[in-house]
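> got a predicted structure plus its sequence, pasted below:
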Amino acid sequence: MKEYQAVIVENKEIANGICSVTFALPVATKVRAGQFGDIAVGGTHLLRRPIAICKVEENLVTFCYQVKGEGTQRLKEMKVGEETSVLMPLGNGFFVEETEKEVALVGGGVGIFPLISVLREYAGKKTINAYMGFRNKGAVCGLEEFEKADKFVGVTDDGSYGEKMNSVQAFAADLEKGYRPDVVLSCGPLPMLKALKKLVEEKNIPCYVSLEERMGCGIGACLVCVCDLSSGAKARVCKDGPVFNVTEVEL
Ligand SMILES: Cc1cc2nc3c(=O)[nH]c(=O)nc-3n(C[C@H](O)[C@H](O)[C@H](O)COP(=O)(O)OP(=O)(O)OC[C@H]3O[C@@H](n4cnc5c(N)ncnc54)[C@H](O)[C@@H]3O)c2cc1C
Ligand code: FES
């Protein structure tokens, strides 16, 4: 992990309430899919905001974020040419084993963004089915990235784009038809992850989930982000995660 002074080269809305910001770092960088950056948003916001790294091309790093509260609103208002501090790459990220040839990505809401980084790392090397859930048609984004998947199923909560269902239901429908991936990688809202955990445990399919807990320091020091493990132990989402084996974490 390094602290970079990063300069904004693009910051634009890509769907309703969802923006994409690209920073130029002073040097080229390499990250693992599913790692995140902690972005200083300045102003009165002392805490940084953790956002998944969506795309890296040499020294250009792109994050996609939903405007939720003051921190992400401040990020949205940052202009091209503005400089800020970004700590990255943070966390463990997703790792696909050599033996895992068929990969299913199941994402919902802003959880689709770390999964785009998986597609960028593994497309062409693995057979990837992507099941992505959006709130409605206006929130649909990243389609040009999902073209890299061998199969893409996009669904919405209200049926205004794709079928009216969530991404776990879309994935379950393919399992019913005989599809069986070697591993499932997922990120999304907690109810979605809980439903996925139940499904993959019933079907005995390996699965890793990325958690989006609230964070303080982002580097393992403050314990704001601890989660419970099935063993009874605690783990720091920022340092020990954000990616966990679904059977090892309490959701
Ligand atoms: C590892 C990691 C990766 C993330 N990746 C992304 C991403 O790629 N894109 C993206 O849009 N967001 C992502 N998030 C969530 C993002 O960090 C929060 O939405 C953001 O920090 C909210 O800041 P804010 O100041 O705008 O809102 P705040 O004013 O802090 O909060 C506004 C609302 O958002 C809720 N909230 C705050 N933090 C979180 C959180 N971590 N998870 C869920 N709800 C939260 C609060 O409870 C409140 O209701 C990620 C979080 C983590 C931990
Ligand atoms: S955010 Fe401080 S320990 Fe994880």
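Structure received. Residues are numbered from 1 along each chain as shown. Ligands and ions are numbered 1, 2, ... in the order given.

> from now on I want contacts and neighbour counts done on CA atoms only, so please keep to that.
Fine.

> can you give me phi and psi for residue 109?
Main-chain torsions, residue 109, degrees, to the nearest 10: phi 60, psi -140.

> relative to residue 60, how far out is it?
Going from residue 109 to residue 60 by Cα to Cα, to the nearest Å gives 24 Å.

> what do you get for residue 185?
In terms of Cα to Cα, residue 185 sits 25 Å off from residue 60.

> tell me which of those two has more neighbours.
More crowded of residue 185 and residue 60, by other Cα atoms under 10 Å: residue 185, with 26 against 19.

> for that one, give me the pLDDT.
In this model, residue 185 is scored at 98, pLDDT.

> let me know the secondary structure of it.
Look at residue 185: counting by DSSP: H, G, I helix; E, B strand; the rest coil, its state is strand.

> quote the end-to-end distance of stretch 145-160.
First-to-last distance for stretch 145-160 - Cα to Cα - comes to 20 Å.

> tell me the phi and psi of the closest residue to ligand 2 within the stretch 1-150 of the chain?
Here the stretch 1-150 of the chain gets closest to ligand 2 at one residue, residue 50, 9.1 Å apart by Cα to the nearest ligand atom. Main-chain dihedrals, residue 50, degrees, to the nearest 10: phi -80, psi 130.

> show the contacting residues for it.
By Cα atoms under 8 Å, 6 or more residues apart in numbering, the residues touching residue 50 are 36-39, 215, 218.

> partner residues bridging it?
residue 38 (DSSP bridges).

> what are the ranges of the strands in the stretch 151-251 of the chain?
For the stretch 151-251 of the chain, the strands defined by DSSP state E, counting those that start in this stretch cover 151-156, 183-187, 207-210, 226-228, 234-236, 243-245.

> so can I have JSON lines of those showing distance to residue 175?
Shown next, in JSON lines, are these (distance: least, Cα to Cα, whole Å):
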{"stretch": "strand 151-156", "distance to residue 175": "13"}
{"stretch": "strand 183-187", "distance to residue 175": "12"}
{"stretch": "strand 207-210", "distance to residue 175": "14"}
{"stretch": "strand 226-228", "distance to residue 175": "29"}
{"stretch": "strand 234-236", "distance to residue 175": "31"}
{"stretch": "strand 243-245", "distance to residue 175": "20"}
